[in-house]
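[1] predicted model follows, preceded by the sequence.
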Amino acid sequence: MASSRTRSALLLAFLVVMWGVNWPLSKFALTYTPPILFAGIRTLLGGLILLVVALPKYKQLRFKESWHIYVISAVLNIILFYGLQTIGLNYLPAGLFSSIVFLQPVLLGLMAWLWLGESMFALKALGFVLGFAGVATISAGGLTGNISLTGILLALGCAISWAAGTFYVKKTGNRVDSIWLVTSQLLIGGLFMMGVGSEVESWTNIDWNLTFLSTLLFISIFVIALGWLVFFFLVGSGEAGKVASYTFLIPLIAILCSVLFMHEQITVNLIAGLVLVVISILLVNANPQALLAKKTGKSA
């Protein structure tokens, strides 16, 4: 039991760190490549790596009856999420952009309440309010021209598409194999974005130097392929609640890395807004029954 908890803790730490460093690393890579082609290349590479894991379970693909699930998931979780993310990082600092995107758990909680019938309680409602207030605080500079309004809108679009994609997977995920789902969406999304990128961007604008290639491979292998594998392992092991609870650490890591290695600035609005978003994520993912039981146990 202890070894299992240790393994889960290590995997969770790996996931949070990898998804945190993704933001400044992706922004750094964009100095060598156009955004849409980069989004397509990294997701396609991640999908090809996962294909090695998925192929032994080829009978569970069932593409003929499940293709629409794979395509819709690819549009929401890959084409819109990674596409808007990669384009948006050209307009905003990586730390600020990731802070807005991680409104996603709050949006997902709102969708689950509205359309899945999940329970609503005072702490969760307060979390929704604080989450939107936090993003408004972070984005306030966009109204005065201090930061890019286009970047803010792209970050919000990224958060909405990710929340909608996760919501869709929650509704339909039991009808397809989880490994094939993420592999298919990465392959479909990657091929689509590479096709679009080939039309609107130029491959000759990619600087295929060692720095870019190593960054691309690191993101494709550790952030996308292994990151999603670890995510589904934790969810399948009943650790989905822990993943959701520690989501707030990802933008914190992104901001820390962006300040240390990209020399990005920390503003009062960013800190204040991020604190509100962190509190909102914790409240939205709080379990009132567990809190009540804990309180009762202490009082006993």
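    Structure's in. What do you need?
[2] need the contact list for residue 35.
    Residues counted as contacts of residue 35 (CB atoms under 8 Å, 6 or more residues apart in numbering) are 86-87, 89-90, 201. C-beta: built from backbone N, CA, C; applies to glycine.
[3] kindly recompute the last result at 10 Å.
    26, 29, 82-90, 193, 197, 201 (CB atoms under 10 Å, 6 or more residues apart in numbering).
[4] just the buried ones from the residues you listed?
    26, 29, 82-89, 193, 197, 201 (16 or more other CB atoms under 10 Å).
[5] restricting to C-alpha, output the helix or strand hosting residue 70 in PDB.
    Using DSSP states H and E, the element containing residue 70 is helix 63-74. What follows is helix 63-74 as a C-alpha-only set of coordinates in PDB (Å, rounded to 0.1, in the frame of the first residue of the first chain):
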ATOM      1  CA  PHE A  63     -12.700   3.100 -35.500                       C
ATOM      2  CA  LYS A  64     -15.800   2.400 -37.600                       C
ATOM      3  CA  GLU A  65     -18.300   2.800 -34.800                       C
ATOM      4  CA  SER A  66     -16.200   5.300 -32.700                       C
ATOM      5  CA  TRP A  67     -14.600   7.600 -35.300                       C
ATOM      6  CA  HIS A  68     -16.900  10.500 -34.400                       C
ATOM      7  CA  ILE A  69     -15.800  10.400 -30.800                       C
ATOM      8  CA  TYR A  70     -12.200  10.500 -31.800                       C
ATOM      9  CA  VAL A  71     -12.800  13.400 -34.200                       C
ATOM     10  CA  ILE A  72     -14.800  15.500 -31.800                       C
ATOM     11  CA  SER A  73     -12.300  14.900 -29.100                       C
ATOM     12  CA  ALA A  74      -9.400  15.800 -31.400                       C
END
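[6] of the contacts of residue 35, closest to residue 278?
    Of all these, residue 85 has the smallest distance to residue 278: 20.3 Å, by CB to CB.
[7] pLDDT at that closest one, what is it?
    Looking at residue 85, its pLDDT stands at 95.
[8] what sits against the closest residue to residue 222 other than its chain neighbours?
    Using CB to CB, 6 or more residues apart in numbering and skipping the chain neighbours, the partner closest in space to residue 222 is residue 18 (5.2 Å). Residue 18 makes contact with 25, 218-219, 221-224, 226-227, 230, 250, 253, according to CB under 10 Å, 6+ apart.
[9] most neighbours among those residues, which one?
    Most neighbours among those, by other CB atoms under 10 Å: residue 224, with 26 neighbours.
[10] tell me the secondary structure for the residue nearest to that one when sequence neighbours are not counted?
    Setting aside the residues directly before and after it, residue 224 is nearest to residue 46 in space (CB to CB, 6+ apart), at 3.1 Å. Under DSSP: H, G, I helix; E, B strand; the rest coil, the three-state class of residue 46 is helix.
[11] what sits up against the helix holding residue 70?
    43, 47, 60-62, 79-81, 164-166, 168-169, 171-173, 175-177, 180-193.
[12] ranges for the strands of the stretch 201-300 of the chain?
    Along the stretch 201-300 of the chain, no segments are classed as strands by DSSP state E, counting those that start in this stretch.
[13] where does it dip in pLDDT?
    By pLDDT under 70, the low-scoring segments of the stretch 201-300 of the chain are 236-242, 244-245, 287-300.
[14] residue nearest the centroid of this structure?
    Centroid-nearest residue in the chain: residue 162, 6.7 Å away (criterion: CA atoms, centre = their mean).
[15] give the contact list for that one.
    76-77, 80-82, 84-85, 101-105, 107-108.
[16] any of the contacts of helix 63-74 buried? List them.
    Listed as buried from those are 43, 47, 61, 79-81, 164-166, 168-169, 173, 176-177, 180-190, 192-193; burial here means 16+ other CB under 10 Å.
[17] in helices only, show me these.
    Mapping the buried ones among the contacts of helix 63-74 onto helices (DSSP state H) picks out 43, 47, 81, 164-166, 168-169, 180-190, 192-193.
[18] quick one on the thing from earlier: tell me the one of the contacts of residue 35 nearest residue 276?
    Distances from residue 276 to those, taken by CB to CB, are shortest for residue 88, at 20.9 Å.
[19] pLDDT at that closest one, what is it?
    Looking at residue 88, its pLDDT is 95.
[20] OK, contacts around it?
    Residue 88 sits in contact with 27, 35, 94, 97, 100-101, 148, 150-158, where contact means CB under 10 Å, 6+ apart.
[21] between those residues, which is nearest residue 246?
    Looking across the contacts of residue 88 and measuring by CB to CB, the closest to residue 246 is residue 101, at 15.9 Å.
[22] please read off the pLDDT at that closest one from the model.
    For residue 101, the model assigns a pLDDT of 91.
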